[in-house]
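Q: Provided below for reference: sequence and predicted model.
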Amino acid sequence: MSASGTNSKNKYSILLPTYNEVENLPIIIYLIVKYMSKSGYDHEIIVIDDGSPDGTLEAAKQLQNIYGKDKIVLRPREKKLGLGTAYIHGIQHATGNFIVIMDADLSHHPKAIADFIKKQQEKDYDVVSGTRYIGGGGVYGWDFKRKLVSRGANFLTQLLLRPGASDLTGSFRLYKKDVLETLIKSCVSKGYVFQMEMIIRARQLNYTIGEVPITFVDRLYGESKLGGTEIIQFVRALLYLFATT
Ligand SMILES: Nc1nc2c(ncn2[C@@H]2O[C@H](COP(=O)(O)OP(=O)(O)O)[C@@H](O)[C@H]2O)c(=O)[nH]1
Ligand SMILES: [Mg+2]
């Protein structure tokens with residue numbers, strides 16, 4: 001039996017990359033611990049803070065005192081080095097055989113993690129991806145421009161690359177650890193487009209992908225980092241992948 005079968009030895013390492021999330025971190029960690037404990041899944045939370053000036057790391061240290069060093073693992077870096085490398089950094093310290101990647105800004109609700117796990121176990125999927133674009137999934141709090149960009153990015157990618165998943169730009173996902181390591185190594189892009197490339201590479205490498213509908217709620221506190229450069233980067237990477245895969 002594979003290490004990632006439906007046995008009770010599974011452990012889930014939840015990666016939380018943070019940059020200026022001091023208001024959100026206590027709530028997201030509270031919710032993760034609450035829902036994971038309720039469903040009885042063994043887990044750890046790995047916080048990768050990139051030198052946030054707002055004191056996110058100090059808050060994380062206090063949370064570590066509350067929940068314990070085995071539950072909350074801190075893997076800070078000196079400065080803002082981007083999400084892709086934050087994941088790699090986090091995985092290096094993960095002790096679970098599964099990795100959950102989610103945003104720390106409360107856009108992704110921790111209660112969905114249990115749904116991801118159940119879905120994964122249905123067919124021993126390599127990847128389970130949260131999707132805003134099928135079933136009961138959706139987006140709340142985005143303005144028209146942001147919806148258009150997200151829909152447009154998904155539509156273009158579906159058209160050009162036929163990825164076999166409905167939500168390519170989302171980042172709420174569950175991976176078998178070894179699969180995620182392979183995927184990250186095979187990805188060339190940085191920034192937002194990285195999430196999309198991960199799914200494209202997954203299909204290319206014949207990994208199986210399960211999907212779970214999620215509702216995405218725009219952040220209440222702090223600022224998003226999506227701008228014009230990300231959009232240009234995305235289109236560029238899309239064309240690159242179209243030409244090379
Ligand atoms: N460690 C780390 N975390 C980051 C960085 N940039 C963004 N994040 C975190 O990654 C998650 C997604 O970022 P966010 O700005 O909400 O992206 P958006 O939801 O797509 O607008 C949040 O938890 C951020 O705090 C970074 O450079 N390093
Ligand atoms: Mg966000």
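A: Nice, I can see it. Numbers count the residues shown, from 1 in each chain. Ligands and ions are numbered 1, 2, ... in the order given.
Q: Pull up the residues of the protein that are close to ligand 1.
A: By CB under 6 Å from any ligand atom, the residues of the chain that approach ligand 1 are 17-19, 21, 48-50, 80-83, 86, 103-105, 107, 219, 224-226. C-beta: built from backbone N, CA, C; applies to glycine.
Q: For the protein, what lies in contact range of ligand 2?
A: The interface of the chain toward ligand 2, taken as CB under 5 Å from the ion, is made up of D103, D105, S107, R219.
Q: coming back round to it: cross the residues of the chain next to ligand 1 against helices and list the overlap.
A: The helices, defined by DSSP state H, take in L83, A86 from the residues of the chain next to ligand 1.
Q: now, which of the residues of the chain next to ligand 1 lie within strands?
A: P17, T18, I48, D49 (DSSP state E).
Q: neighbours around the third one, how many?
A: What it means is I48. 26 (other CB atoms under 10 Å).
Q: Quick check, it in contact with I91.
A: No - assessed by CB atoms under 8 Å, I48 is found out of contact with I91, at 9.9 Å.
Q: what touches both of those two?
A: Counting by CB atoms under 8 Å, 6 or more residues apart in numbering, the common neighbours of I48 and I91 are L15.
Q: ok, now which ones touch the residue positioned nearest the centre of the chain?
A: Among the residues of the chain, the one closest to the centroid is I101, at 3.0 Å (CA atoms, centre = their mean). By CB under 8 Å, 6+ apart, the contact list for I101 reads L15, Y87, S171, F172, R173, L174, Y175.
Q: In contact with S224, which residues?
A: Going by CB under 8 Å, 6+ apart, the list of residues near S224 reads D218.
Q: that older thread, now a ChimeraX select for only the buried ones of the contacts of I101.
A: The following ChimeraX line selects those of the contacts of I101 that are buried, judged by 16 or more other CB atoms under 10 Å:
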select :15,87,171,172,173,174,175
